[in-house]
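# Just the structure for this:
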Amino acid sequence: MKGYDFEAIKQNFPLDEVIGRTLKIRKAAGWYEALCPFHHETTPSLKFKENDESWHCFGCGEHGDVIDFVAKMENVTTQEAIARLTGGKAIELSPEDRERRQAWLQAEELKNQAERAAAIAQANRRWDKATPIDGANAYLDRKQVAPWGTRAEGASLLVPMWDSEGELVNVQTIPAKDGEKKLFQKGSPTVGARFYIGIGFGRVIICEGFATGASIFEATADKVVIAFSQGQVANIAKEMMSAGVSVVIAADRKALDAMQRLGAELDVPVIAPPVLEKGDDFNDQMIEQGVDAVAATFRQGLIDYNNRPEPAPEAPTCAISFVDAMDFKEADIPLRPWIVPGALLAGSTHILAAPGGTGKSVFTLQLALMLASGREWAKWKPKRKCRVLVINAEDDIHEQRRRMVAAQTVMGFGAERGQVLLADAPESILMSTSDPVKKSLIATPLVDQLVQVIKHYKIDVVIVDPFAETFDGDENSNGDTKWAMKIWRDKIARPTGAAVYLVHHTTKGSEDKAGSADVIRGGGAIVNSARLAATLFVMSKGEASALNVNEDQRFRYVRYDDAKSNNSLIGARSWFEKISVVLQNGHAGDSDGGDEVGALKPWQPEGLGAYEPAQIMKLLAAIEDGFVDEDGVATDLPFGRSKAGGSKRWIGHLTADVMGVEEDEARKLLGMLLEGKLVVEETFHNPIKGRDEKGLKPDFEVANKALGLSPIG
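Predicted coordinates for the structure are as follows:
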């Protein structure tokens, strides 16, 4: 902001540009005009001249310079308005500038008052020159109503507009030709202006539009107050009620919902015409059905209002809001905001836990490249290209870029500039710290700063590594971890709509519990507060044996699992192989060449590893249940491994059905299950045939170990 003063602000931030950012403005005869945002209106009243430095609303009277407009629109102070205009800090103008601005505003106010007074004087002159209507008038003839105190200005109808004191402040011109726009005296006020028909004897009917008001008066003989916009019906009604006047609101059908809300707020009758073949107001009803029908509508409307049921008691005040569980349409339920189906959800927090040295940092960078490019990688496909912010407190920018190069080489694609932002060796990523008074964690200033960064760059996904460095507390304390996660969820993810992906560590000795949320280190509140959790583990010895991988090579393979909060998870998994890439960053003649960096490549195991563990366990559960006959009746007989004689109990039928494979592949899989002893053959007594036979039974303990699943129970 340094160097900005009042004159510079006016010159560098023209009114038409600033106002045009939020309002639709149009240019007419050297003026700019727009619908005023500071009161309800349908005809533009906010105006300023071309190259002018002030604006004025001739409807509600609001006015000022470009600073005032920003301050009023955004409900901020003058200093904050200056900051938002200039992109600087909220500072005060100098005393000299404040004095110059005040003098300028006073001069503008006097000028606007003079223009307003001149416009009112012109409206009065037009009214004085207008002639009483004695004979035909095209508009009145078409609407089939009497003049009721209006006058003629040539072929047009002129309707006087009075303020609450009965002073004429404007006139409405209604052209003779149907469909032409009704006009007001330019520069004269319209807010609070009204026209009366009749003498008040208690009840007053308030409506919008002359023809509607004339029709109502001719039908009811009640005093009618005509407003000149829908928004002014409310203002006039409140004013008259404060003076003790009994009010009835007459509504056009197109404005019925808004008028009924107003009627409920003021506790006054709201009466509207019935559904008509053509039109929607009381003048249309009179033309179609006659004046007696309008009178009958008002009589019945007042009867219905007086006989209305007692209103339901107000619901008690509660900090928790409630809605009717069944008040919805299925088609209106929004889709979950998946960024990557099953893996990343917008506006939510996620946890990825892994032991040290697994490759979680390079995994998250490759995840960022996938998101930024919108390309498919492993089992994931983003719904769109995303902007990703990576905050890694453990690796400097050069190491992250080395891994980026290796990742792009292995993945076969990269990202456009601006799609991935990397934190440049942050000294601290502390988002919450201990409050000794409240004895709990509170957000640090970095939270609001990060939110502004996310909004400014339109970030879709924030990856944070490691989570443990984002809070100053005990990670084994549910209280501390709950508040740390709450800050990420409630102050960052939800307000910005970004998915927050937190990288964390696992407990020691958890190598055989991949896919279980129990391995995530620290208080259980970490997992409970996260929408999705996952683990990343190096291949175990048992897995290497089951997948035909040499034990001394198992470190090259890592396994990603969707994690849950129980020990019996049977979730989807993905395998990756670590590939070594030599970068082209070595100097010429350097015998060591470039840096060698690892990256992950999707890998498909052979044997049982080629199948989803969840599907295999589903098959084993079906084998455990036994054979079900063609009528769907359980027989308590085990499946058999032989197809001889067309046996219906042949295990191949079940395997093909559950696994969704052809018969040949079902035979191959069954052979692997038997060889690995996930399924064993036992002797049982067949009561139907009265003899002993062979049948199949699953061994879940062996299966859990062979498939690398957490133990059950």
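# Please, where are all the helices along the stretch 401-550 of the chain?
Secondary structure of the stretch 401-550 of the chain (DSSP state H, counting those that start in this stretch): helices located at 445-457, 478-486, 494-496, 525-529, 541-546.
# and the last one, which residues are buried?
Of the residues in helix 541-546, those scored as buried under the neighbour-count criterion (16 or more other C-beta atoms under 10 Å) are E543, A544, A546. All C-beta spots, glycine's among them, are computed from the backbone N, C-alpha and C.
# Name every sheet partner of the next helix or strand after it and say whether each one runs parallel or antiparallel.
Remark: after helix 541-546, the chain's next helix or strand is strand 557-563, criterion DSSP states H and E. According to DSSP bridges, strand 557-563 forms sheet pairs with strand 532-538 (antiparallel), strand 573-582 (antiparallel).
# Rebuild the helices of the stretch 401-550 of the chain as a markdown table, extending it with distance to G598 and mean pLDDT.
Formatted as a markdown table, the helices of the stretch 401-550 of the chain follow (distance: least, C-beta to C-beta, whole Å; pLDDT from 0 to 100):
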| stretch | distance to G598 | mean pLDDT |
| --- | --- | --- |
| helix 445-457 | 29 | 93 |
| helix 478-486 | 30 | 88 |
| helix 494-496 | 32 | 94 |
| helix 525-529 | 28 | 83 |
| helix 541-546 | 19 | 79 |
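# out of the strands paired with strand 557-563, deepest packed?
Greatest average neighbour count among the strands paired with strand 557-563 goes to strand 532-538 (a mean of 23), per mean count of other C-beta atoms under 10 Å.
# what's the neighbour count on the nearest residue to Q615 once chain neighbours are set aside?
Nearest non-adjacent residue to Q615, counting by C-beta to C-beta, 6 or more residues apart in numbering: M659, 5.8 Å away. M659 has 18 neighbouring residues, counting by other C-beta atoms under 10 Å.
# Strands along the stretch 101-250 of the chain, start to end?
Along the stretch 101-250 of the chain, the stretches classed as strands by DSSP state E, counting those that start in this stretch are 131-132, 151-153, 156-162, 168-174, 183-184, 194-197, 203-208, 223-227, 246-250.
# can you tell me which of the ones you listed the model trusts least?
The stretch with the lowest average pLDDT out of the strands of the stretch 101-250 of the chain is strand 183-184, scoring a mean of 88.
# what would the helices of the stretch 401-550 of the chain look like in JSON lines with distance to A703?
Converted to JSON lines, the helices of the stretch 401-550 of the chain look like this (distance: least, C-beta to C-beta, whole Å):
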{"stretch": "helix 445-457", "distance to A703": "44"}
{"stretch": "helix 478-486", "distance to A703": "34"}
{"stretch": "helix 494-496", "distance to A703": "41"}
{"stretch": "helix 525-529", "distance to A703": "25"}
{"stretch": "helix 541-546", "distance to A703": "11"}
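# quick revisit: to A703, which of the strands of the stretch 101-250 of the chain lies closest?
Shortest separation from A703 across those is recorded for strand 246-250, at 73.9 Å, computed as C-beta to C-beta.
# Just the buried residues of the closest one, please?
The neighbour-count check on strand 246-250 (16+ other C-beta under 10 Å) flags V247, V248, I249, A250 as buried.
# Let me see the contact set for A176.
N137, A138, Y139, A155, S156, L157 (C-beta atoms under 8 Å, 6 or more residues apart in numbering).
# Next up, phi/psi of the closest residue to the second one other than its chain neighbours, please.
Distances taken as C-beta to C-beta, 6+ apart place A176 nearest to A138, at 3.8 Å, with adjacent residues excluded. Backbone torsions for A176, taken as degrees, to the nearest 10, come to phi -70, psi -40.
# how much space is there between A176 and S215?
Going from A176 to S215 by C-beta to C-beta, to the nearest Å gives 19 Å.
# what sits against R402?
Counting by C-beta under 8 Å, 6+ apart, R402 makes contact with L583, N585, D595, V597.
# Now the buried members of those residues.
Neighbour counting over the contacts of R402 (16+ other C-beta under 10 Å) leaves L583, D595, V597 as the buried ones.
# quick one: low-confidence parts of the stretch 451-600 of the chain?
Residue ranges of the stretch 451-600 of the chain with pLDDT under 70: 512, 564-572, 588-592.
# Would you mind pulling up the elements that the top helix by length along the chain packs against?
In the chain, taking DSSP state H as the definition, the longest helix is helix 95-129. Counting contacts by 3 or more C-beta pairs under 8 Å, 6 or more residues apart in numbering; DSSP states H and E, helix 95-129 is packed against helix 6-12, strand 55-57, strand 63-64, strand 151-153, strand 156-162, strand 168-174.
# Mind listing what's buried along the fifth one?
When you say that, I think you mean strand 156-162. If you call a residue buried by 16+ other C-beta under 10 Å, then strand 156-162 has these buried ones: S156, L157, L158, V159, P160, M161.
# wait, which of those residues is closest to G418?
M161 (55.3 Å).
# Now for the closest one: which residues touch it?
Neighbouring residues of M161 by C-beta under 8 Å, 6+ apart: 123, 168-172, 184, 188, 190, 193-195, 228.
# got JSON lines for those residues, with neighbour count too?
Listed next are those as JSON lines, based on neighbours: other C-beta atoms under 10 Å:
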{"residue": "A123", "neighbour count": "24"}
{"residue": "L168", "neighbour count": "17"}
{"residue": "V169", "neighbour count": "21"}
{"residue": "N170", "neighbour count": "26"}
{"residue": "V171", "neighbour count": "25"}
{"residue": "Q172", "neighbour count": "23"}
{"residue": "F184", "neighbour count": "22"}
{"residue": "S188", "neighbour count": "25"}
{"residue": "T190", "neighbour count": "23"}
{"residue": "A193", "neighbour count": "27"}
{"residue": "R194", "neighbour count": "22"}
{"residue": "F195", "neighbour count": "21"}
{"residue": "F228", "neighbour count": "26"}
